[in-house]
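>>> No sequence on hand, only this structure:
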């Protein structure tokens, strides 16, 4: 079965850190552009961080620049989102995405991140 399986997330205090993981099952992520998206209640899904298949191109939403880092480990078939200096406004469901030339596209099951004291 072709799928992305996410792990990580949870409840963290403001200023804390979390790392999300996204592991592919049934296919290799090596040739896929990878991205992390999030959706807060009542809001549209938004792009957080994206990385090209080669890793040469990385983009972050302005709201997370300097705080979030996207990385990939092709040997582990996994993409990560390291989130530091978390703020309450980062609270959302987070989803990983794998895209191959807009022809093949997969989503992870989502994981909740809650930033609250």
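Received, thanks. Values in this document were obtained by computation on a predicted structure and should not be read as measured data.
>>> my guess is residue 106 contacts residue 6, does it?
No: at 11.5 Å, residue 106 does not count as touching residue 6 under the criterion of Cβ atoms under 8 Å. For glycine as for every other residue, the C-beta is placed from the backbone atoms N, C-alpha and C.
>>> Can you report how many residues lie near residue 109?
As a burial measure, residue 109 scores 13 neighbours (other Cβ atoms under 10 Å).
>>> my guess is it contacts residue 6, does it?
Yes: between residue 109 and residue 6 there is a contact under Cβ under 8 Å: 5.8 Å.
>>> List phi and psi for residue 76.
Taking degrees, to the nearest 10, you get phi -100, psi 0 for the backbone angles of residue 76.
>>> Compute the number of surrounding residues for it.
Counted with other Cβ under 10 Å, residue 76 comes out at 12.
>>> what's the answer for residue 78, then?
As a burial measure, residue 78 scores 19 neighbours (other Cβ under 10 Å).
>>> State the distance from it to residue 54.
17 Å (Cβ to Cβ, to the nearest Å).
>>> what are the bridge partners for residue 47, then?
Beta bridges link residue 47 to residue 37, judged by DSSP bridges.
>>> Now do the SS call for residue 105.
Under the three-state scheme (DSSP: H, G, I helix; E, B strand; the rest coil), residue 105 adopts strand.
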